[in-house]
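Chemist: One predicted model, sequence on top.
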Amino acid sequence: MALNYIWVFFFLIAFGIGLVKLIFFGDTEIFKLMADGTLDSAKSAVMDIALPLIGIMSLWLGIMKIGEKAGAVNFLSRIVGPFFNKLFPEVPKDHLAVGQMMLNFSANLLGLDNAATPLGLKAINSLQELNKDGDTASNAQIMFLVLHASGLTILPIAIIAQRAIFHSKDPTDIFIPCIIATYAATVAGLLVVSFKQKINLFDRVIISWLLGITAFLGLLVWYFSEFLNKAQISAFSGVFSNLIYLGIPVLFILGGLRKKVNIFEAFIEGAKEGFEVSVKIMPYLVGLLVAVSLFRTSGALTYLGEGFAWIFSHFNIDTRFVTVLPIAILRPLSGSGARALMLDNLKVYGPDSFIGHMSSVLYGTADTTFYIVALYFGAVNIKKTRYTIPAMLIADFAGIVTAILISYLFFA
């Protein structure tokens with residue numbers, strides 16, 4: 001029901017603002033601008049997102065099918081099983097979904113967006129098979145989606161690449177702030193969902209894993225900051241990520257050969273599933289992106305940003321962060337829109353300015369919450385999302401606040 005209310009809210013607010021602009025300010029172009037935006041967004045949802053996704057989905061679900069038949073996903077399930085069994089008590093031990101979720105989180109961790117989405121959609125489908133109430137999000141699906149959307153990453157390659165394009169002297173200097181901010185978002189999301197689902201985070205297994213992950217990230221940050229220069233960090237990020245991206249299919253294929261799996265037939269079987277899922281999610285993407293477009297083109301986001309600027313101007317604090325708040329506001333609604341704002345700030349203020357740094361960290365922290373909900377729940381026909389969106393927005397908020405504070409600490 002949450003998506004239904006949000007969709008209606010976006011439409012009504014946008015139409016109301018349009019009427020005010022037309023009647024009181026004589027803006028005769030506002031409704032044309034909004035109408036054109038809906039057409040462009042509907043086209044973009046299909047041509048720029050859904051159709052390209054067909055190829056990526058077909059590729060990675062084909063590879064996943066090889067991994068399943070080779071036993072690689074089950075092997076991964078056994079490794080992370082003790083931890084995931086505590087976070088996802090509804091999921092049976094050694095279930096395929098455990099390995100699929102772990103592969104999705106790993107892809108996100110390494111900045112492999114093209115791989116993370118197909119792997120995540122495969123995981124949400126497996127979790128749907130365990131869902132007793134078909135059109136209502138299960139506890140396991142909510143936990144998975146919130147952790148996925150929190151976007152914990154150790155290699156923010158896309159942002160580093162954009163900073164390099166704008167001739168940053170140190171394109172990788174947002175590396176550590178991004179890790180810290182995304183980690184804060186992940187922990188916040190985990191706390192919220194665990195509280196709602198009455199999961200004991202003080203369980204010995206959970207505490208051990210969380211402390212282990214924290215220690216690993218801490219050591220990684222320490223090693224990168226102490227032993228690698230900026231150029232080496234950038235080179236390592238690119239090479240390691242691409243190595244993993246190609247290494248996973250190779251490992252799955254080798255495992256399939258060992259198990260005497262018909263590799264190509266398994267790939268085709270999975271690729272067909274990828275095509276079917278991609279077609280299935282198109283209506284959800286069109287509906288949500290059109291609503292977001294209306295909300296943006298009506299000027300609602302601009303007014304929201306100006307409202308925050310007015311509020312913070314009354315406090316005796318450094319208000320430079322207000323310049324980047326539109327990115328934080330737009331990020332949960334539109335990844336491409338937030339990216340455009342980030343690139344504009346890099347262009348206007350410079351990638352190595354305080355605003356340029358904060359824009360980069362902020363963009364890398366939050367995620368496109370409503371797009372993710374539409375994409376993943378649309379793939380399995382979930383209509384009642386329960387508290388998924390509030391939990392995801394709380395995680396986004398924690399990441400955004402941390403990104404702003406950490407940017408002051410590192411770059412002010």
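Modeler: In hand now; what should we look at? All values derive from a computational prediction rather than experimental measurement.
Chemist: C-alpha from now on. contacts and neighbour counts both.
Modeler: Noted.
Chemist: What number of residues are in the vicinity of I329?
Modeler: By the criterion of other C-alpha atoms under 10 Å, I329 has 19 neighbours.
Chemist: what's it in contact with, if anything?
Modeler: I329 makes contact with 301, 305 under the criterion C-alpha atoms under 8 Å, 6 or more residues apart in numbering.
Chemist: Which strand or helix spans it?
Modeler: Taking DSSP states H and E as the definition, I329 sits inside helix 325-330.
Chemist: and the end-to-end length of stretch 90-100?
Modeler: Using C-alpha to C-alpha, to the nearest Å, one end of stretch 90-100 lies 16 Å from the other.
Chemist: buried set for it?
Modeler: For stretch 90-100, burial by neighbour count (16 or more other C-alpha atoms under 10 Å) applies to 91, 93-100.
Chemist: which regions of the stretch 101-250 of the chain lie under the pLDDT threshold?
Modeler: Along the stretch 101-250 of the chain, the parts satisfying pLDDT under 70 run over 110-114, 154-155, 157, 230-231, 233-234, 237-238, 241.
Chemist: Tell me where it has helices.
Modeler: Remark: helices assigned in the stretch 101-250 of the chain by DSSP state H, counting those that start in this stretch are 113-129, 139-150, 157-165, 175-197, 204-227, 230-258.
Chemist: What of the stretch 251-400 of the chain?
Modeler: 263-297, 300-312, 325-330, 335-349, 354-365, 369-379, 388-411.
Chemist: Please verify my assumption that F31 contacts G16.
Modeler: No - applying C-alpha atoms under 8 Å, one finds F31 not in contact with G16, separated by 10.9 Å.
Chemist: out of these two, which sits in the more crowded spot?
Modeler: Set F31 next to G16 and count neighbours by other C-alpha under 10 Å: F31 wins out with 19 against 14.
Chemist: what residues are up against that one?
Modeler: G18.
Chemist: for the record, mean pLDDT for whichever strand or helix holds it?
Modeler: F31 is part of helix 30-44, with elements assigned from DSSP H and E. Averaged across helix 30-44, the pLDDT comes to 88.
Chemist: Keeping just the C-alphas, turn that helix into CSV.
Modeler: The C-alpha trace of helix 30-44 is given here as CSV (Å, rounded to 0.1, in the frame of the first residue of the first chain):
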residue,chain,number,x,y,z
ILE,A,30,4.2,24.6,-16.4
PHE,A,31,1.7,21.9,-17.5
LYS,A,32,3.5,21.5,-20.9
LEU,A,33,6.8,21.0,-19.0
MET,A,34,5.2,18.5,-16.7
ALA,A,35,3.4,16.6,-19.6
ASP,A,36,6.7,16.5,-21.6
GLY,A,37,8.5,15.2,-18.5
THR,A,38,6.0,12.3,-18.1
LEU,A,39,6.4,11.3,-21.7
ASP,A,40,10.2,11.4,-21.4
SER,A,41,10.2,9.5,-18.2
ALA,A,42,7.9,6.8,-19.6
LYS,A,43,10.2,6.4,-22.6
SER,A,44,13.3,6.4,-20.4
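Chemist: residues in contact with the helix or strand that it is followed by?
Modeler: Toward the C-terminus, helix 30-44 is succeeded by helix 51-70 as the next helix or strand (DSSP H and E). By C-alpha under 8 Å, 6+ apart, the residues outside helix 51-70 that reach it are 73-74, 96, 114-115, 117-119, 122, 249, 252-253, 255-259, 261, 263, 266-275, 278-279.
Chemist: Which of these are buried, as a PyMOL select command?
Modeler: Selection of buried members from the contacts of helix 51-70 for PyMOL, criterion 16+ other C-alpha under 10 Å:
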select buried, resi 73+74+96+114+115+117+118+119+122+249+252+253+255+256+261+263+266+267+268+269+270+271+272+273+274+275+278
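Chemist: Next, the angle from the helix holding F31 to helix 51-70.
Modeler: Helix 30-44 and helix 51-70 are oriented at 30 degrees to each other (axes from the mean of the first three to the mean of the last three C-alpha atoms, to 10 degrees).
Chemist: Can you give me the buried ones in helix 30-44?
Modeler: Using 16+ other C-alpha under 10 Å as the test for burial, helix 30-44 gives 30-31, 34-35, 37-38, 41-44.
Chemist: quick one: that helix to helix 263-297, angle?
Modeler: With the same axes, to 10 degrees defining the directions, helix 30-44 sits at 170 degrees from helix 263-297.
Chemist: how far out from the middle of the chain is helix 30-44?
Modeler: Helix 30-44 sits 25 Å away from the centroid of its parent chain (C-alpha atoms, centre = their mean, to the nearest Å).
Chemist: got it, and stretch 25-35?
Modeler: How far stretch 25-35 lies from its chain's middle: 33 Å, per C-alpha atoms, centre = their mean.
Chemist: what's the first-to-last distance across that stretch?
Modeler: End-to-end span of stretch 25-35 (C-alpha to C-alpha): 19 Å.
Chemist: picking that back up, with distance to L22 added, can I get the buried residues of helix 30-44 in TSV?
Modeler: Formatted as TSV, the entries for the buried residues of helix 30-44 read as follows, by distance: C-alpha to C-alpha, whole Å:
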residue	distance to L22
I30	7
F31	8
M34	12
A35	14
G37	17
T38	18
S41	23
A42	24
K43	26
S44	27
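Chemist: Sketch out the low-pLDDT regions of the stretch 301-412 of the chain for me.
Modeler: Counting by pLDDT under 70, the low-confidence segments of the stretch 301-412 of the chain come to 336.
Chemist: how many other residues sit next to L219?
Modeler: 12.
Chemist: Give me the distance between it and F227.
Modeler: 12 Å.
Chemist: Common neighbours of those two, please.
Modeler: Common contacts of L219 and F227, defined by C-alpha under 8 Å, 6+ apart, are absent altogether.
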